[in-house]
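Undergrad: Could you look at this predicted model? Sequence included:
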Amino acid sequence: MKKIISLLSLSLLVLFIILILAVKIISPGRIGQQLSKDLNFPHPTIIAHRGVSYEAPESTMMAYELAITYSVDFLEADLQRTKDGVIIVFHDDDLKRTSNASDLWPEKETYAISDFTFDELQQLDIGSWFNLQYPERSNPLYEGLSIITLHELIELAQQHHIGLYLETKSPDKYPGIEQDIIDILHQNQFEGLLVFQSFSLESLKAFKSIQPDTPRVLLINRDRAQAEGFKNIIDESYTLITGVGPVGYLGLPHNIGYAHRKGLIVHLYTINDTLQMRLFRYFGADGFFTDKPALANDLFR
Ligand code: G3P
Ligand code: CA
């Protein structure tokens, strides 16, 4: 009996070693490390997703200020354009989930960002919803927080020497938004670490044609990966981009290894769990978008 147990233990140990070696052969971490180093990105790269959006209302100045208090490398922001042309930081296409728009203007038929002027949007409270939805994390200071502009976010990033990871959200709705964003960055003389990101390859192509030296990351969600296949997406885009931002479950060694061999860094979204961070890091991921940068700090800094 003892012999069988020790044989079994030995087999398990051998299997474990084979697994470790296989992962390292499929996805050797050093490629991503070198690619990140070439871009001057800390490795692994920690990206505060909509600020520290677990602790404070997403995309608000408070959520971004909180991110400064952690060792994050980038502030992640979704950008859209108001009816009168102001570039603002806001995730959803419409205002309903994270603002009091439907209480303030109950008569409106739609609440799309692009239907409102900046002055109108400034009347909104985009903090109180958080207190109602997450009473255990609520804070009276969150009541009445306002939508912020890209200009304000740039100022914060400059003051604290922190990078910006800027996403064009629904760029089809906002023709020319890439030029608008670059103009604002230039007006503010932003010289920190910068990444443009989008689910739209067309939008990244537009960034490339205007400012080719800034890294571009193509976001990949589950639906697209299932419809087209991860490798096909990489094959058709890798000459146009610097990296990919796949949804977490795509962060397996064979996918990460494939992207690395095509010269692309891999930043996974949105990873809010210590075990997942450890595992995906082991699989070769070069960084994480996270609502909880404290976890990444504890693990990697
Ligand atoms: O930008 C990375 C991640 O934020 C993409 O998903 O919907 O949160 O913008 P989403
Ligand atoms: Ca985003």
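TA: It's in. Ligands and ions are numbered 1, 2, ... in the order given.
Undergrad: From here on, just use CA atoms for contacts and neighbour counts.
TA: Noted.
Undergrad: Now do the helices in the stretch 1-150 of the chain.
TA: 2-26, 29-38, 61-69, 101-104, 118-121, 128-133, 150-160 (DSSP state H, counting those that start in this stretch).
Undergrad: With the stretch 151-300 of the chain instead?
TA: Counting by DSSP H, counting those that start in this stretch, the helices of the stretch 151-300 of the chain are 177-187, 201-210, 222-228, 230-237, 253-261, 274-282, 293-300.
Undergrad: Extract the C-alpha set from the shortest one and format it as CSV.
TA: Once side chains and other backbone atoms are set aside, the C-alpha atoms of helix 222-228 remain, and they are given as CSV (Å, rounded to 0.1, in the frame of the first residue of the first chain):
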residue,chain,number,x,y,z
ARG,A,222,-15.9,37.2,-25.1
ASP,A,223,-18.4,37.6,-28.0
ARG,A,224,-15.7,38.6,-30.5
ALA,A,225,-13.3,35.9,-29.4
GLN,A,226,-16.0,33.3,-29.7
ALA,A,227,-17.2,34.6,-33.1
GLU,A,228,-13.8,35.1,-34.8
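Undergrad: Going by neighbour count, list what's buried in that helix.
TA: Residues of helix 222-228 classed as buried by neighbour count (16 or more other Cα atoms under 10 Å): residue 225.
Undergrad: repeat for the fourth one
TA: Of the residues in helix 230-237, those with enough neighbours to count as buried (16+ other Cα under 10 Å) are 230, 233-234, 237.
Undergrad: Which strand in this structure has the most residues?
TA: In the chain, assigned by DSSP state E, the strand with the most residues is strand 74-81.
Undergrad: Just list what that one packs against, helices and strands only.
TA: If contacts are counted by 3 or more Cα pairs under 8 Å, 6 or more residues apart in numbering; DSSP states H and E, strand 74-81 sits against strand 45-48, strand 87-89, strand 163-168.
Undergrad: Leaving out sequence neighbours, find the closest residue to residue 132.
TA: Spatially, and ignoring its direct neighbours in sequence, residue 132 is nearest to residue 138 (7.5 Å; Cα to Cα, 6 or more residues apart in numbering).
Undergrad: got any ranges where this protein has weak pLDDT?
TA: For the chain, the stretches with pLDDT under 70 are 1, 4-5, 7-8, 10-28.
Undergrad: okay, now the closest residue to residue 180 other than its chain neighbours: neighbour count?
TA: For residue 180, ignoring the flanking residues on the chain, the nearest one in space by Cα to Cα, 6+ apart is residue 87 at 7.7 Å. For residue 87, the neighbour count with other Cα atoms under 10 Å is 20.
Undergrad: Next up, the contacts around residue 87.
TA: If a contact means Cα atoms under 8 Å, 6 or more residues apart in numbering, then residue 87 has 79-81, 149-150, 180-181 as its contacts.
Undergrad: for residue 42, same thing?
TA: Residues near residue 42 by Cα under 8 Å, 6+ apart: 36, 73.
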